[in-house]
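Novice: Sequence first, predicted model second:
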Amino acid sequence: MDNNDKLSRRLLLQGATALGASATLAGCGEDEAPAGPNPDIVILNRLLSAEYTAIAAYTAGAMVLTSPPMGDPLAQQSLILRQIATRWQAQHREHATVLASAITAIGGTPVTEASVMFTPPSGWTGTVANVLRLAANLERGAALAYNDAVKTLSSAANRFLSANIQGDETQHFIVLHALLQQVAGAGAEIISGINDVVPVPFVSTVTPAPMGGTGSGLQTVADFTYT
Amino acid sequence: MSEDQSRRDALRGALAFAASMGAAMAASMARPREAHAQAAAGDVTTLTALQRAEYDAIRTYSTAESILMTDLSSDPQASTVRAVAAYYRGQHEAHANALRTAITAAGGTPIDPTTVFFMPPTGFRATVANIIKLAANKEKAAAVAYAEAVRSLGTAERAQLAAAIGGVETQHWIVLYLLAKGVVQPGMNAATMLNQLCPQAFVASVGTGTAGLEAVAEYQYAPNAT
């Protein structure tokens, strides 16, 4: 066989190989592992940063609620609000834990809490009402961010995670919003019912539970029975 | 073997190989189409189940409004609870409409709302307290259903729709839950600003004519405590 034959054979084989490769690529679906770093890593890390921001904001808010300024008209409610804020901060920490796990699971490096600095917004002064407003703004922003993430995350599991946390942020938001708009106020059972003010950190139970957390979803909240 | 013969053999072999690869490629292109069709069919099943739940919520609230306006009209909480029911019912109607659009886009047939009837739980006694509890139970179940639907829906767009609705059911739920438990009560602005008990029908806009929390203005901070 001369060199032309060898070249012809090689070209024919190369063409057949190219056909085979394109047949493999044609089977790609939405959840197939992408080449290179998983694009969900960036999105999940952005959400994780937001959770650490919320945690830091609640720490700052708790300091104001512990010692509200003289003459603050909401000072009497600050103790109850601080207890609620502490619980919600723990829920944000559970969100951060599951997000960090999800990032690690797809080969990413989670952002660290230490890398996220909270700076109060320009013009913000430490009053009880401003703490509520700040928290409402952050929770609303978080809910929108999580919903947007559902649209952009590539894996169904990560979209579920995002929606699962989103539903907790929306609850935080509406409680704060209803209080600030004065369409709802403390009821007779507020003291005994503090743990009911957004009772669980997720919409649907997360298993296994995140380290240090419960992973509890609304399935763990008993249905009302009728009298 | 002559040079012509070996060349013909090589060409014949390569053509046979290419033909087999072409057949494999055609088959594998058909597999994604089949898979996508199956995924869309699965999504239609999920979306129609959610739409049925929305119509159930609409019927529940509608029945509650009637009872609150008639049998329970003397209860001091009746008018406030009826207004909340009417408002939340309107949001569930928006959800049902958005789901109808999504079902149709996925090639499915939306639920006929006239096929959904309200069935009270066994032994249910209509009181204001029980109506709030019934609504809370249904909103909780819906919130969980929507979160689980996000896990199974095949496209990011449909998943986002489910999340955008689910995040409103969670708001409905927590308001009703806290009212039922006596942890909160209607505030001084409840009569005139009831829509602030859930300002938007979606967490984020899901298309033309819909709005979400992005339309809710950020709070501004007051310079002092008064």
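Specialist: That came through fine.
Novice: And the contacts of stretch B:129-138?
Specialist: Contacts with stretch B:129-138, where a contact means C-beta atoms under 8 Å, 6 or more residues apart in numbering or on different chains, come from A:223-227, B:56-57, B:60-61, B:64, B:67-68, B:72, B:81, B:85, B:88, B:120-121, B:124, B:172-173, B:176-177, B:179-180. No exception for glycine: its C-beta is placed from N, CA and C like everyone else's.
Novice: Can I get the buried part of those as one ChimeraX selection?
Specialist: For the buried members of the contacts of stretch B:129-138, the matching ChimeraX selection, counting by 16 or more other C-beta atoms under 10 Å in any protein chain shown, is:
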select /A:224,226 /B:56,57,60,61,64,67,68,72,81,85,88,172,173,176,177,179,180
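Novice: show me what contacts B:T170?
Specialist: B:T170 touches A:167-168, A:170-171, A:203, A:218, B:139, B:143, counting by C-beta under 8 Å, 6+ apart.
Novice: What sits closest to A:T205 if chain neighbours are left out?
Specialist: The spatially closest residue to A:T205, leaving aside those adjacent along the chain, is A:G217, at 3.7 Å (C-beta to C-beta, 6 or more residues apart in numbering or on different chains).
Novice: So what's the residue count around the one you found?
Specialist: Residues near A:G217, counting by other C-beta atoms under 10 Å in any protein chain shown, number 22.
Novice: picking that back up, and the contacts of B:T170, which are buried?
Specialist: A:167-168, A:170-171, A:203, A:218, B:139, B:143.
Novice: Show me which of these is closest to A:D72.
Specialist: Nearest to A:D72 out of these is A:Q171 (C-beta to C-beta; 25.9 Å).
Novice: before we move on, which element is the closest one in?
Specialist: Using DSSP states H and E, the element containing A:Q171 is helix A:156-180.
Novice: Buried residues, that helix. List them.
Specialist: A:156, A:158-180.
Novice: circling back: check what pLDDT the residue nearest to A:T205 gets.
Specialist: pLDDT for A:G217: 97.
Novice: tell me the contacts of it?
Specialist: Per C-beta under 8 Å, 6+ apart, neighbours of A:G217: A:164, A:200, A:202-206, B:144, B:147.
Novice: Closest one to B:T192 out of those residues, please.
Specialist: Distance to B:T192 across the contacts of A:G217 (C-beta to C-beta) is lowest for A:V203, with 31.0 Å.
Novice: low pLDDT regions in chain A?
Specialist: A:1-34 (pLDDT under 70).
Novice: same thing but at 90, please
Specialist: A:1-36, A:117, A:122-124, A:208 (pLDDT under 90).
Novice: Rebuild the buried ones among the contacts of B:T170 as CSV, extending it with distance to A:D148.
Specialist: Listed next are the buried ones among the contacts of B:T170 as CSV, based on distance: C-beta to C-beta, whole Å:
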residue, distance to A:D148
A:G167, 15
A:D168, 16
A:T170, 14
A:Q171, 18
A:V203, 17
A:L218, 23
B:E139, 24
B:A143, 19
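Novice: can you give me the strands for chain A?
Specialist: A:184-186 (DSSP state E).
Novice: all helices for it, in order.
Specialist: Taking DSSP state H to define them, one finds helices in chain A at A:3-25, A:40-66, A:78-105, A:128-152, A:156-180.
Novice: Report whether stretch A:168-175 contacts chain B.
Specialist: Yes. Using C-beta under 8 Å from any C-beta of the partner chain, stretch A:168-175 reaches chain B at A:168-171, A:173-175.
Novice: In helices, which of the contacts of stretch B:129-138 fall?
Specialist: B:56-57, B:60-61, B:64, B:67-68, B:81, B:85, B:88, B:172-173, B:176-177, B:179-180.
Novice: and which of these is nearest to A:A184?
Specialist: B:L179 (8.0 Å).
Novice: so which strand or helix has the nearest residue to that closest one once chain neighbours are set aside?
Specialist: In this structure, B:L179 finds its nearest non-sequential neighbour in B:I132, 5.6 Å apart by C-beta to C-beta, 6+ apart. In the assignment (DSSP H and E), B:I132 maps to helix B:128-152.
Novice: Now do that helix: distance to the chain's middle.
Specialist: The chain centroid and the centroid of helix B:128-152 are separated by 11 Å, computed with C-alpha atoms, centre = their mean, to the nearest Å.
Novice: Distance from stretch B:67-76 to the middle of the chain?
Specialist: 31 Å.
Novice: tell me how far the ends of it are from each other?
Specialist: 14 Å (C-alpha to C-alpha, to the nearest Å).
Novice: Check which residues of it are buried.
Specialist: Neighbour-count burial for stretch B:67-76 flags B:67-68, B:72, B:75 (criterion: 16+ other C-beta under 10 Å).
Novice: Now for the closest residue to B:A162 other than its chain neighbours: which residues touch it?
Specialist: Computed as C-beta to C-beta, 6+ apart, the closest residue to B:A162 that is not its neighbour in sequence is B:A149, at 4.5 Å. Going by C-beta under 8 Å, 6+ apart, B:A149 touches B:46-47, B:50, B:159, B:162, B:166.
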